[in-house]
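Enquirer: Provided below are the primary sequence and the corresponding predicted coordinates.
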Amino acid sequence: MKKTSNYLHSVLFCASSLLLVIQSCSSTQKGEVTAKIASSSKEYSVINTGESILLYKYMHKAHSAKEVDKYAPKYYFTTASSDVLKDLTKENLKKAFPTNHAFHNALDAHFNSDAELINYDTFHKMYKLNWLLKNNP
């Protein structure tokens with residue numbers, strides 16, 4: 001009887017540990033980040049106020065100053081139709097403006113990679129992405 005009791009106790013302990021692990025993993029996952037949440041966070045900053053597509057820069061703050069080079073900034077965007085931050089990619093931009101095929105073509109013509117989407121147009125004094133949207137309605 002004692003062996004069975006110990007075995008059952010071990011199984012319950014393992015099961016409760018497993019539940020604890022699952023619970024702690026799920027609580028670390030981020031849900032949707034909205035513009036309101038991002039504006040109250042020190043890790044996010046809006047880099048182009050007043051433009052049609054708002055661009056957000058996310059800098060990971062949970063590391064030492066020595067490790068800054070290891071953590072590249074991430075970029076997100078919001079539009080007038082959605083305040084949920086989306087990864088700044090050509091695919092997500094096309095989804096955000098599904099019927100604007102001229103804008104889709106301009107994105108493909110002007111940007112070879114998603115990393116270029118953050119380019120600033122010094123002549124027009126705005127981000128190139130917003131300039132393309134403005135000129136491809």
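Expert: Great, that's in hand.
Enquirer: buried ones in the host helix or strand of residue 104?
Expert: Using DSSP states H and E, the element containing residue 104 is helix 101-110. Within helix 101-110, the residues that count as buried by 16 or more other C-beta atoms under 10 Å are 103-104, 106-107. Heads up, the C-betas are built off the backbone N, CA and C, glycines and all.
Enquirer: who are the packing partners of whichever helix or strand comes after that helix?
Expert: Next helix or strand after helix 101-110 toward the C-terminus (DSSP H and E): strand 120-121. Using 3 or more C-beta pairs under 8 Å, 6 or more residues apart in numbering; DSSP states H and E, the elements in contact with strand 120-121 are strand 126-127, helix 128-135.
Enquirer: any chance of JSON lines for those, columns mean pLDDT and distance to residue 66?
Expert: Output for the helices and strands packed on strand 120-121, formatted as JSON lines (pLDDT from 0 to 100; distance: least, C-beta to C-beta, whole Å):
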{"stretch": "strand 126-127", "mean pLDDT": "96", "distance to residue 66": "31"}
{"stretch": "helix 128-135", "mean pLDDT": "96", "distance to residue 66": "33"}
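Enquirer: for the helix holding residue 104, packing partners?
Expert: Using 3+ C-beta pairs under 8 Å, 6+ apart, the elements in contact with helix 101-110 are helix 90-96, helix 128-135.
Enquirer: buried stuff in the last one?
Expert: This points to helix 128-135. By neighbour count with 16+ other C-beta under 10 Å, helix 128-135 contains the buried residues 128-133.
Enquirer: again, but for stretch 74-90
Expert: 75-78, 83, 85-86, 88-90.
Enquirer: list the ones among those that fall in helices.
Expert: Mapping these onto helices (DSSP state H) picks out residue 90.
Enquirer: contacting residues around the most centrally placed residue in the chain?
Expert: In the chain, the C-alpha nearest the mean C-alpha coordinate belongs to residue 87, at 4.3 Å (C-alpha atoms, centre = their mean). Listed by C-beta atoms under 8 Å, 6 or more residues apart in numbering, the contact partners of residue 87 are 74-76.
Enquirer: kindly indicate which of these lies nearest residue 57.
Expert: residue 75 (6.0 Å; C-beta to C-beta).
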